[in-house]
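Enquirer: Got a sequence here, can you model it:
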Amino acid sequence: MTKTTKTKFQPLSERNVFLILDGGRNTGSFYEGIRTDQLLQSDYEDIIEFCKFLDEVGGCGPINIQHLWSAFCWPEDPVSKMTVEHWKKKFNEYKNL
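Expert: Numbers count the residues shown, from 1 in each chain. Now for the predicted structure:
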């Protein structure tokens, strides 16, 4: 995780959540699937980096996207690290079914 800590945390907007999840669902990769032409310029860099992060984690869904966003924004926080490790483990289990 190379993201720097955000000084003021803002949850992902419903619009960005939809764009991220839709892109991942359509292509199997959040980074490759994100519709960059529909991102707001102010969100562009953060969302692109977050999509790369999600691909490293192994995925996300409506249930955990905000938790992973928080972990992405504060990568050095112990709770963030636990969240990322938890979901990496879960997605690895799903892939091995």
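
Enquirer: in this structure, which ranges drop under the pLDDT threshold?
Expert: Low-confidence segments of the chain (pLDDT under 70): 1-7.

Enquirer: 90 instead, please
Expert: Along the chain, segments meeting pLDDT under 90 span 1-9, 94-97.

Enquirer: Of all the residues in the longest helix along it, which ones are buried?
Expert: In the chain, with assignment by DSSP state H, the single longest helix is helix 78-95. For helix 78-95, the neighbour count (16 or more other CB atoms under 10 Å) marks 80, 83-84, 87 as buried. The way it works is simple: take the backbone N, C-alpha and C, and place the C-beta from them, glycine included.

Enquirer: I'd like those as TSV, with distance to residue 97 appended.
Expert: Formatted as TSV, the buried residues of helix 78-95 follow (distance: CB to CB, whole Å):
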residue	distance to residue 97
80	27
83	22
84	21
87	16
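
Enquirer: Which of these sits closest to residue 30?
Expert: Checking those against residue 30 with CB to CB, the nearest one is residue 87 at 13.2 Å.

Enquirer: ok, the residue nearest to the closest one when sequence neighbours are not counted - contacts?
Expert: Closest residue in space to residue 87, ignoring its immediate chain neighbours: residue 57 at 5.5 Å, by CB to CB, 6 or more residues apart in numbering. Listed by CB atoms under 8 Å, 6 or more residues apart in numbering, the contact set of residue 57 reads 68, 84, 87-88, 91.

Enquirer: try 10 Å this time
Expert: Contacts of residue 57 were listed using CB atoms under 10 Å, 6 or more residues apart in numbering, and they are 1, 30, 64, 68, 71-72, 83-88, 90-91.

Enquirer: how near is residue 9 to residue 41?
Expert: 20 Å (CB to CB, to the nearest Å).

Enquirer: With neighbour numbers in mind, choose between these two.
Expert: Set residue 9 next to residue 41 and count neighbours by other CB atoms under 10 Å: residue 9 wins out with 10 against 6.
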